[in-house]
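In: below are the sequence and a predicted model; questions follow.
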Amino acid sequence: MDSTAQIIWGVIFGSIGLGYFIYGKKQQVAMPMICGLGLMVYPYFVSNTLLLFLVGAALCAVPYFIRL
């Protein structure tokens, strides 16, 4: 990671992902669990700050629009 912004966004989206994962596991709902795992893992593979934010925002919004 090159900048402080990437680290901060990675921590923020990782924390949201942990919350989604715990919620999905307790409620036994697949979509929040999958998005939570995605939010926790993807910051390790994205090196562009703008792309990090856009992917994170999209993964945060998916459980509201797609319910499985």
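Out: Right, received. Where do you want to start? Residues are numbered from 1 along each chain as shown.

In: what is the mean pLDDT for the longest helix seen in the chain?
Out: Using DSSP state H to define each element, the chain has its longest helix at helix 4-27. Average pLDDT, helix 4-27: 95.

In: I'd like to know which elements it is packed against.
Out: On a contact count with 3 or more Cβ pairs under 8 Å, 6 or more residues apart in numbering; DSSP states H and E, helix 4-27 meets helix 30-41, helix 49-65. Where you see a C-beta, it was placed from the backbone N, CA and C, and this is true even at glycine.

In: out of the ones you listed, deepest packed?
Out: Most buried of these by mean neighbour count (mean count of other Cβ atoms under 10 Å) is helix 30-41; its value is a mean of 19.

In: so which of the helices and strands packed on helix 4-27 gets nearest Thr4?
Out: The closest of those to Thr4 is helix 49-65. By Cβ to Cβ, the value is 9.8 Å.

In: ok, residues contacting the closest one?
Out: 3, 5-6, 9-10, 12-13, 16-17, 20, 31-32, 35, 38-39, 42-43, 46 (Cβ atoms under 8 Å, 6 or more residues apart in numbering).

In: do the same with stretch 19-37
Out: 16-18, 39-40, 59-60, 62-63, 66-68.

In: output those as a markdown table; include the columns distance to Leu52.
Out: Output for these, formatted as a markdown table (distance: Cβ to Cβ, whole Å):
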| residue | distance to Leu52 |
| --- | --- |
| Ile16 | 13 |
| Gly17 | 13 |
| Leu18 | 17 |
| Leu39 | 11 |
| Met40 | 13 |
| Leu59 | 11 |
| Cys60 | 12 |
| Val62 | 16 |
| Pro63 | 19 |
| Ile66 | 22 |
| Arg67 | 26 |
| Leu68 | 26 |
